[in-house]
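S.K.: model this:
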Amino acid sequence: MKRLLVACVLVCLNLAAQALEVTDDRGVVVRWNTPPQRIVSLLPSLTESLCELGQCHKLVAVDRYSNWPAQIATLPRVGGGLDPNIEAIVALKPDVVLLAHSSRAIARLESLGLKVVALEPKTHADVQRVLGKVAAVAGLDAAAAQTVWRHIDAAVSAAAQSLPPQARRTRVYFEVNRAPYAAGTSSFIGETLTRLGVANIVPAALGPFPKLNPEFVVRANPDLIMVGARNAEGLTARPGWHTVRAVRERRLCIFPNEASDVLVRPGPRMAEAARLMAQCLQEKAP
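M.R.: Sure thing, here's the model as predicted:
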């Protein structure tokens, strides 16, 4: 009887040691007895973060926009963050669903008994923090996330150091969507531009990704425009934009779709994003 009691105590202690909890961006504490082994990700940056931490094998499905790294190509697609296929997700019996804090699917998924962790990085500090949260969900210690972040941070610094002094005086407009929505100074894209030493024409006071009146860009008259190919059509033909220095002097970096995905996702590929921006500045800055 004594041996049985000791064995039970040891089992309980082992389970307690394995149990984990994560507080997501809603302030909700999510708990598991053992680290999740079946994960659905509904946000590309979270998919990429999990894989960069070496945990791609735990993914059982991703959203339609997740397209990196290559090993996720054969995974089931379960819609987008705004319109996920709830039935398909439930059928996969995930231990957790990773998605954006802004997703409207959270309440529905939780009502069906699924554990949800809502994370939405918007700044460099957020990316570092979210890496830690994703690592915790996967059952990794904090050191794994810190190692990934140090590599990102060092690579962004290296990209900045690669630029000649004259490039650092460039005034840049970065368009993320043709509405037009811009990357403001307070966004993760804006923070990368700041670390590269250039000036963002969109001030922090307007928010991270403000919708602009196109006349704002005309008045700001940037030296260089960065935009993805998906959103570049008709940009130079907007009223008054022919007078903008970047348009007049053909100082536009139009990034192909694959590079654009890298640039607009706040995750482990921010280092590559910094290199792409630095290359643009080296080639196009006045």
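
S.K.: Surely residue 68 touches residue 48?
M.R.: Yes - if you go by CB atoms under 8 Å, residue 68 and residue 48 touch, sitting 5.8 Å apart. Yep, even glycine has a C-beta here, placed from its N, CA and C like the rest.

S.K.: Mind pulling up the pLDDT for residue 63?
M.R.: As summarised for this prediction, residue 63 has a pLDDT of 98.

S.K.: meant to ask about residue 81
M.R.: Here the pLDDT value assigned to residue 81 is 89.

S.K.: can you tell me the distance between the two ends of stretch 100-115?
M.R.: Terminal residues of stretch 100-115 lie 14 Å apart, using CA to CA, to the nearest Å.

S.K.: picking that back up, identify the contacts common to residue 68 and residue 48.
M.R.: Common neighbours of residue 68 and residue 48 (criterion: CB atoms under 8 Å, 6 or more residues apart in numbering): residue 269.

S.K.: higher neighbour count, these two?
M.R.: The neighbour count for residue 68 versus residue 48, taken as other CB atoms under 10 Å, is higher for residue 48 (25 against 19).

S.K.: Is that one in a helix, a strand, or coil?
M.R.: Classification of residue 48 using DSSP: H, G, I helix; E, B strand; the rest coil returns helix.

S.K.: and it, what does it touch?
M.R.: By CB under 8 Å, 6+ apart, the residues touching residue 48 are 66, 68-69, 265, 267-269.

S.K.: can you do 6 Å?
M.R.: 68, 267-268 (CB atoms under 6 Å, 6 or more residues apart in numbering).

S.K.: try residue 90
M.R.: Here residue 90 is in contact with residue 112 (criterion: CB under 6 Å, 6+ apart).

S.K.: Mind pulling up the pLDDT for it?
M.R.: 98.

S.K.: Can you give me the separation between it and residue 110?
M.R.: For residue 90, the distance to residue 110 equals 12 Å [CB to CB, to the nearest Å].

S.K.: Over to residue 117?
M.R.: Plainly put, residue 117 is 11 Å away from residue 110 if you go by CB to CB.
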